[in-house]
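Enquirer: sequence unknown, structure follows:
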């Protein structure tokens, strides 16, 4: 991907500027922007998903800093160590049957290790499964919840081992 294409994604997807503005900033024709829009569809969709998460919770963190954290942080629950593919496997095999699956539980959630601190502290963020995030609530610190998370992880492993 070229530097101009990266800048285009920033302007179009993250900053959501109009093509007329982007044309002036990048010094390219609208037809080139349309071509990039199509060519960069996969990258554009990934960035859109992350932007949606970022906009909901963050006020002081630059998008690109959050994007780096989000894409480079290991995708497993900080407390019980379950991964999204393992969650998917358990769901498909009928080992997870919560009615919440229509809204939560299929993917890892952003979690604050110290619940009373803002989301804008990347060092306080981690990924958590729905079950650990829900059980930990805003009451417990990561340290206080760690033994419970380990027990939840043992249950997941027992279920995975029966498949």
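Expert: All right, it came through fine. Note that the structure is predicted; figures quoted are calculated from it, not measured.

Enquirer: helices or strands next to the top helix by length along the chain in the packing?
Expert: With DSSP state H setting the assignment, residue counts place helix 142-161 as the longest helix in the chain. Under the contact criterion of 3 or more CB pairs under 8 Å, 6 or more residues apart in numbering; DSSP states H and E, helix 142-161 touches helix 84-92, helix 130-136. Using the backbone N, CA and C atoms, a C-beta is placed for each residue, glycine as well.

Enquirer: work out for me the element residue 16 sits within.
Expert: Taking DSSP states H and E as the definition, residue 16 sits outside all helices and strands.

Enquirer: correction: the previous question concerned residue 4.
Expert: Counting by DSSP H and E, residue 4 is part of helix 3-9.

Enquirer: now what about that helix, what contacts it?
Expert: 22, 25-26, 28, 33, 36, 39-40, 43-44, 47 (CB atoms under 8 Å, 6 or more residues apart in numbering).

Enquirer: if you count neighbours, what's buried in it?
Expert: 8-9 (16 or more other CB atoms under 10 Å).

Enquirer: possible to save the contacts of helix 3-9 as JSON lines with secondary structure?
Expert: Compiled in JSON lines, the contacts of helix 3-9 are given as follows (DSSP: H, G, I helix; E, B strand; the rest coil):
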{"residue": "22", "secondary structure": "helix"}
{"residue": "25", "secondary structure": "helix"}
{"residue": "26", "secondary structure": "helix"}
{"residue": "28", "secondary structure": "coil"}
{"residue": "33", "secondary structure": "helix"}
{"residue": "36", "secondary structure": "helix"}
{"residue": "39", "secondary structure": "helix"}
{"residue": "40", "secondary structure": "coil"}
{"residue": "43", "secondary structure": "helix"}
{"residue": "44", "secondary structure": "helix"}
{"residue": "47", "secondary structure": "helix"}
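
Enquirer: from those residues, pick the one nearest residue 10.
Expert: residue 47 (8.7 Å; CB to CB).

Enquirer: from memory the closest one sits against residue 12, does it?
Expert: No. Using CB atoms under 8 Å, residue 47 is not in contact with residue 12; the gap is 9.4 Å.

Enquirer: now distance to residue 58, mean neighbour count and mean pLDDT too, for the helices and strands packed on helix 142-161, in TSV please.
Expert: Shown next, in TSV, are the helices and strands packed on helix 142-161 (distance: least, CB to CB, whole Å; neighbours: other CB atoms under 10 Å; pLDDT from 0 to 100):
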stretch	distance to residue 58	mean neighbour count	mean pLDDT
helix 84-92	22	15	96
helix 130-136	18	20	96
